[in-house]
Structures are given as C-alpha cells and as structure tokens.
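> just coords:
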C-alpha cells in the first residue's frame, strides 16, 4: 500500500469507514446511505454531498472501483487496496476497544 494512502485514510473518518465497510458488497450511494442508517440505528446519516464526494475521492485513490451502472446508479466495490485500508482501521478500532477494557 502506498504510504500516502495510509497517511490520508488511517485513521479513517466514521463516514469513510462505513462506506468502505459497506462496499465489501457491490452497492450504489443510496444503498450505502440506507445500510449505514440501519447499522447505526439512524445515528449516522451520510448526506449526498459527503457520499458522492467520498466515493469520488476513494475511486480516484484506488480504494474502490466502479463495477457497473444499474438503473442510472453507479455500483462500486472495494478494491484490494481498500480492503487493506479497511483492515488497518478495523485493527485500530479493536486496539482502542481493548485499551478501554473491552474484550
């Protein structure tokens, strides 16, 4: 993984984390928004500007890739670089959790 990518994305924003986490399956922006709302009991609501700005930046940086268009919606999926970044963030979150006394 490129050092710049690691520096830019780790630690991740909550929004970035949820977008990458969701894109382990092919999804479009609206699907991601709905899934994140469901996963967080409505506590995290990703607006369209944030969503599409994040998707564009992540695609440009090689963390996700455009898969296909379906009913005028672009579907994306995480790349191997994105998976590496996501795994680093998951390990960071696990370490934080352990350090506050979680198991």
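Yep, it's here. The shown structure was predicted, so the numbers you read here are calculated from the model rather than taken from an experiment.

> so what secondary structure elements neighbour the lengthiest helix in the chain?
The longest helix of the chain (DSSP state H) is helix 80-99. When contacts are defined as 3 or more CB pairs under 8 Å, 6 or more residues apart in numbering; DSSP states H and E, helix 80-99 packs onto helix 3-9, helix 14-22. To be clear about C-beta, it is placed using only N, CA and C from the backbone, and glycine gets the same treatment.

> would you format those helices as TSV with mean neighbour count included?
TSV is the format used below for these (neighbours: other CB atoms under 10 Å):
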stretch	mean neighbour count
helix 3-9	13
helix 14-22	21
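
> weakest of the ones you listed by average pLDDT?
Note on the helices and strands packed on helix 80-99: helix 3-9 shows the lowest mean pLDDT, a mean of 92.

> and it, how far out from the chain middle?
14 Å (CA atoms, centre = their mean, to the nearest Å).

> now do the same contact list for the residue nearest the centre of the chain.
Closest to where the C-alpha atoms of the chain average out (CA atoms, centre = their mean) is residue 20, at 2.0 Å. Residue 20 is in contact with 12, 58, 63, 64, 78, 82, 85, 86, 89, counting by CB atoms under 8 Å, 6 or more residues apart in numbering.

> so which residues make contact with the least confident helix or strand in the chain by mean pLDDT?
Least confident helix or strand of the chain, by mean pLDDT, DSSP states H and E, is helix 3-9 with a mean of 92. Under the contact criterion CB under 8 Å, 6+ apart, helix 3-9 has outside partners 16, 61, 62, 63, 81, 85, 88, 89.

> what stretches of the protein score poorly on pLDDT?
Regions of the chain meeting the criterion pLDDT under 70 cover residues 102-103.

> and the contacts of helix 3-9, which is closest to residue 47?
Using CB to CB, residue 16 comes nearest to residue 47 of these, at 14.0 Å.

> run a quick neighbour tally on the closest residue to that closest one other than its chain neighbours.
Closest residue to residue 16 apart from its sequence neighbours, by CB to CB, 6 or more residues apart in numbering: residue 54 at 6.2 Å. Using other CB atoms under 10 Å, the number of residues around residue 54 comes to 21.
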